[in-house]
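Enquirer: need a structure here:
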Amino acid sequence: QVQLVESGGGLAQPGGSLRLSCVASGFTFSNYAMSWARQAPGKGLEWVSGIHEDGSGAYYADSVKGRFTISRDSAKNTLYLQMNSLKPEDTALYYCVKERNAAFSGDFDSWGQGTQVTVSS
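Expert: Below is the predicted model of the structure:
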């Protein structure tokens, strides 16, 4: 059974940083692309970033490009999202997402419970 457990959310000031983590279990982590997505209050789901199974390619939404960095550690079965230069509009529930294939394609099949990020002074 696929399990994705996010952590690292919290309150940050504008311009600050947070690092999200997602520990994966129940599948061979190194065989699948992974993504982060988010949902802000009263808004729809937004894909944030994705990464190939071997970390060879990373992709970002325009809204976070240059500020967020996705990475993965297959030895620890862990996906990360380093978030810098945070803005109030980054406030959202952030989800770790497993993809169906090795290469990133946006074809999601499993979601974590989410970790809340709030950016406010």
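
Enquirer: alpha carbons only for contacts and neighbour counts from here, please
Expert: Fine.

Enquirer: could you point out which element follows the helix or strand hosting residue 97?
Expert: Assigning secondary structure by DSSP states H and E places residue 97 in strand 92-99. Elements were assigned by DSSP H and E; along the chain past strand 92-99, the next helix or strand is strand 108-111.

Enquirer: partner strands of the strand holding residue 97, parallel or antiparallel?
Expert: strand 34-39 (antiparallel), strand 108-111 (antiparallel), strand 115-119 (antiparallel) (DSSP bridges).

Enquirer: identify all contacting residues around that strand.
Expert: Here strand 92-99 makes contact (C-alpha atoms under 8 Å, 6 or more residues apart in numbering) with 4-6, 22, 32-41, 79, 105-118.

Enquirer: stretch 5-19 too?
Expert: Contact with stretch 5-19 is made by 20-24, 80-88, 95-96, 112-121, as judged by C-alpha under 8 Å, 6+ apart.

Enquirer: hang on, residue 62 in a strand?
Expert: No: judged by DSSP: H, G, I helix; E, B strand; the rest coil, residue 62 forms no part of a strand; its state is coil.
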